[in-house]
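Trainee: next comes the sequence, and after it the predicted model I'd like to discuss.
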Amino acid sequence: MEEQLSTKNTTPPVSVPAVPSHRHKYEFFKVVQGYLDEAARLIEVPGYITTILSQPKNEIIVNFPVRMDDGSIRLFKGYRIQHNNLLGPFKGGIRYHETVSLDDLKALAAMMTWKCALMNLPLGGGKGGIKFNPNEVSRAELQRITRRFFHALGGNIGPETDIPAPDMGTDAKTMAWAMDTYMNTVGQLFKQAVKGVVTGKPVASGGTYGREKATGQGVVHCITEWAEDNDVNLGGATLLVQGFGNVGSNTAVLLSKLGASTVAVGDHTGYLYNPEGFNPHKLQDYVKKNRSIAGYPAGKPISREEFFRLKADIFIPAALENQVGVEEAGWLQVRLVAEGANGPCTPEGEKILLERGIHILPDILANSGGVTVSYYEWVQNKRSETWTLEEVDSRLEKAMKRAYREVTEMARQKKCTLRLAAYAVALQRLAAVYGEREIFP
Ligand SMILES: NC(=O)C1=CN([C@@H]2O[C@H](COP(=O)(O)OP(=O)(O)OC[C@H]3O[C@@H](n4cnc5c(N)ncnc54)[C@H](O)[C@@H]3O)[C@@H](O)[C@H]2O)C=CC1
Ligand SMILES: O=C(O)CCC(=O)C(=O)O
């Protein structure tokens, strides 16, 4: 196993570019809207619905000052995009990353609207974030940035208004600081303890069992269903995992329990290969301690291109959007791309993958386990209940399998890709509600 590998990893702990430098600027929001328009044509929804959904309801931008450890004051720009709340309060994660932009967050917020509708949750879509590199600040600075951000957002969020959660660069601890800040500002005005203002909290602070692994668990349920449909045995299957944070590491750990083996991993510091298979538990612990895979001894450093060219059964993108363009789609030698990340395949990349017979489990289906368990957390907070891990797991499994079946059935009926089918199922739900409300009689 991996311990026998003696290759010393010499990857320096510096950031690698998210995509090759020759790649054109990626207009993520346009791409996501393109999928919606195609799905709307497929199921023939009235034009006013796509008009409403073509822009977010609210785009909140806050600039806020934070004192850094060296005494200087740095100004940060934070966003909260509230895309749609037809089905319920805006819902979606908070991203801390140096690439955060208004356009990307609009795309990610819209995707939350489709994701919640697809999963039949009484929630809408939102997303927020701050453009900075969380790996370059101290823990104390991270806490001050988070508290200042949530103070600035003030009453724009709330348990019945807009409910943030973790996304890239944020975690349960971030949500504990966010909840505490909200309780001591807005909550204080109403004398209310408002745990449900955020989800993905630590369990002791009102979080739910099962949220931390929920997104990975949902990815695994989808892969299991796909494997059954396609006569693939996951025992002995090989995996490439890009991004070894919450989603990537939990997916790898859970798939290892089914006998699958992670042979290559990558993150913002570089890529590692181990033909014998990594021990995903050990690598997960290492990343939690060291904030990256850099320096992990049981793997050979390889380039980004070498990573994408490796032969394996399943590729799990679990980092950023725009990772599988035309080039990477030509390089990949896998049977399945299971999108743990939001938007990892470009439309051009997707076309090539499908032409080459590579299947894709689309993001709004594959990674919807996270928001689904966030919904369970919110319900528990509302009812002052604590569900067992078994109860959360069993509800999630049923929800993921139902969604997978609905999407594959729609794809069969409409003879379309799974991505368009997922958008179509979501849009059908939203269109039904707009129709019932007769807002434009
Ligand atoms: N956390 C959640 O519950 C959910 C997350 N997602 C999506 O999954 C993806 C990953 O999110 P998390 O695991 O939560 O984030 P995370 O912050 O826990 O991990 C992110 C991983 O991506 C890597 N990464 C960052 N920049 C990179 C680059 N340039 N090249 C290669 N790797 C890079 C990081 O090093 C890290 O390993 C994001 O697209 C997020 O929107 C989707 C649904 C829910
Ligand atoms: O759990 C949530 O509310 C948000 C998860 C999220 O940001 C996502 O699905 O992309």
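Mentor: Sure, I can see it. Numbers count the residues shown, from 1 in each chain. Ligands and ions are numbered 1, 2, ... in the order given.

Trainee: flag every buried residue along stretch 171-191.
Mentor: By neighbour count on 16 or more other CB atoms under 10 Å, the buried set for stretch 171-191 is 171-182, 186-187. Just so you know, the C-beta spots here come from the backbone N, C-alpha and C atoms, and that holds for glycine as well.

Trainee: the nearest residue to His281 once chain neighbours are set aside: what secondary structure?
Mentor: Excluding its sequence neighbours, the residue lying closest to His281 (CB to CB, 6 or more residues apart in numbering) is Val253, at 6.0 Å. Local secondary structure at Val253 is given as helix here, using DSSP: H, G, I helix; E, B strand; the rest coil.

Trainee: ok, Val253 touching Gln284?
Mentor: Yes - Val253 lies in contact with Gln284 (CB atoms under 8 Å); the separation is 6.0 Å.

Trainee: for ligand 2, what are the nearby residues on the stretch 101-250 of the chain?
Mentor: Lys115, Ala165, Asp167, Thr199, Gly200 (CB under 6 Å from any ligand atom).

Trainee: now Met175: how far from Pro56?
Mentor: Using CB to CB, to the nearest Å, one gets 22 Å for the distance from Met175 to Pro56.

Trainee: biggest strand in the chain, by residue count?
Mentor: strand 73-84 (DSSP state E).

Trainee: what residues are up against whatever residue of the chain ends up closest to ligand 1?
Mentor: Per CB to the nearest ligand atom, Gly245 is where the chain lies closest to ligand 1, at 1.9 Å. Counting by CB atoms under 8 Å, 6 or more residues apart in numbering, Gly245 touches Met168, Asp267, Val287, Ala318, Ala319.

Trainee: ranges for the helices of the stretch 151-300 of the chain?
Mentor: For the stretch 151-300 of the chain, the helices defined by DSSP state H, counting those that start in this stretch occupy 172-182, 188-189, 211-229, 246-256, 280-290.

Trainee: around Arg106, count how many other residues there are.
Mentor: In this structure residue 106 is Lys, not Arg. Applying other CB atoms under 10 Å, we find 22 residues neighbouring Lys106.

Trainee: what score does it have for pLDDT?
Mentor: According to the prediction, Lys106 has pLDDT 98.

Trainee: still on that earlier bit, number of residues surrounding the residue nearest to His281?
Mentor: 19.

Trainee: excluding chain neighbours, what is closest to Leu102?
Mentor: Tyr79 (6.2 Å).

Trainee: isn't the one you found up against Gly128?
Mentor: Yes - counting by CB under 8 Å, Tyr79 touches Gly128, with 5.4 Å between them.

Trainee: which neighbours do those two share?
Mentor: Ile60, Leu105.

Trainee: so between the two, which is more surrounded?
Mentor: Gly128 (31 against 24).
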